[in-house]
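Engineer: Everything below, folded, please.
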Amino acid sequence: MLHPWKKTFILLLTLLSPFYAHAELNIFACEPEWAALTKALGGDKVHVNSATTAMQDPHHIQARPSLIARMRRADLLVCTGADLETGWLPLLLRKSANPNVQVGQTGYFMAADYVSLMDKPTVLDRSLGDIHAAGNPHFHLDPERIAQVSVALADRLAMIDPSHQAYYQHNLATFTQQWQQAMQQWEQRSKPLRDKPIVVSHNNWVYLSSWLGLKQVATLEPKPGIPASSTHLAKVLSTLKKEPAQMLLYASYQSDKSARWLSSKTALPAIALPLSPDNNETLINWFDRLLSQLLNVTS
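Structural biologist: As a prediction, the model looks like this:
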């Protein structure tokens, strides 16, 4: 006859066995775009948490205990790289002491390693503002670069979980087909935006502008990461009198104070764009939403 505690133990094993048979990879994504991409590729084989939301500046977040705990459990870290998270990610890695996701390990994935970057500085000088040595890190606003990262990320998932390699490759093929179809639709939809002059609050729209053919004529920040001064805003206003723009773009998490001031002086429509998808929003739906917001201004 089994002792009562042994019966309890066997019962627990029976109840938990389905969970362990279908164990998921724990994914720590730094930004919502990479959480969305990992979910698309990993399907029901992954459990994904994003450290940030669309309403947070990914440059500046707190290394909270909850994030350290998530990092400690992670099998794979998926981030932008290119120094975007340099203010908080190293601290999380150090505090978590998780050997699987440290620099150089299979569980350490930086999307910037798989794409070419724009705006690489020729001079590194902090007096020039918040510049990134590797180049502009906001490349997730370019669908072509998203496609490049998806291939590398599917391979990395398979490296960590080789038993499901075929599953990840199947999901990649499905994602790629849907993504290419969406890109063709976006190409047609975005034609009215070609060569439209714009003003931006921060220089985080260069990939979006390049993809859509937008023409950036002014920036509200005098230097990257430096808030607009009244003197600089006056210069921007003077520039726009000579070269009018059709819209002003700023990230939805940013203060709209300068944007509202310039809009009041010029009647320029100020658009708060989501720099990242919302929670559980797919990348395709997010890009659809971005385009709709921009096209609504030109219609």
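Engineer: Report the residue spans of the stretch 151-299 of the chain with pLDDT below the cut-off.
Structural biologist: The stretch 151-299 of the chain contains residues with pLDDT under 70 at 299.
Engineer: which residues of it fall in helices?
Structural biologist: For the stretch 151-299 of the chain, applying DSSP state H, counting those that start in this stretch gives helices covering 165-189, 206-212, 230-242, 257-266, 283-298.
Engineer: I'd like to know how many residues surround Lys196.
Structural biologist: 17 (other Cβ atoms under 10 Å). From N, CA and C alone the C-beta is placed, and that goes for glycine too.
Engineer: Next, it: phi, psi?
Structural biologist: Dihedral pair for Lys196: phi -70, psi 130, per degrees, to the nearest 10.
Engineer: Would you check how far apart it and Glu33 are?
Structural biologist: Going from Lys196 to Glu33 by Cβ to Cβ, to the nearest Å gives 24 Å.
Engineer: Mind exporting the C-alpha coordinates of stretch 247-267 to CSV?
Structural biologist: Presented in CSV, the C-alpha positions along stretch 247-267 are these (Å, rounded to 0.1, in the frame of the first residue of the first chain):
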residue,chain,number,x,y,z
MET,A,247,2.4,66.5,-41.8
LEU,A,248,4.3,66.3,-38.5
LEU,A,249,5.1,62.9,-37.1
TYR,A,250,5.9,62.0,-33.5
ALA,A,251,5.8,58.8,-31.5
SER,A,252,2.7,58.2,-29.4
TYR,A,253,4.8,57.9,-26.2
GLN,A,254,6.4,61.3,-26.7
SER,A,255,5.3,64.7,-25.4
ASP,A,256,3.2,66.5,-27.9
LYS,A,257,4.0,70.0,-26.5
SER,A,258,6.4,71.1,-29.4
ALA,A,259,4.3,69.4,-32.0
ARG,A,260,1.1,71.2,-30.8
TRP,A,261,2.9,74.5,-30.8
LEU,A,262,4.2,74.1,-34.4
SER,A,263,0.8,72.8,-35.5
SER,A,264,-0.9,75.9,-34.0
LYS,A,265,1.5,78.2,-35.9
THR,A,266,1.3,76.4,-39.3
ALA,A,267,-2.0,74.4,-39.3
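Engineer: Which residues in that stretch does the neighbour count mark as buried?
Structural biologist: By neighbour count on 16 or more other Cβ atoms under 10 Å, the buried set for stretch 247-267 is 247-251, 253-254, 258-259, 261-263, 266.
Engineer: Over to stretch 188-207?
Structural biologist: So stretch 188-207, judged by 16+ other Cβ under 10 Å, has buried residues 190, 193, 196, 198-207.
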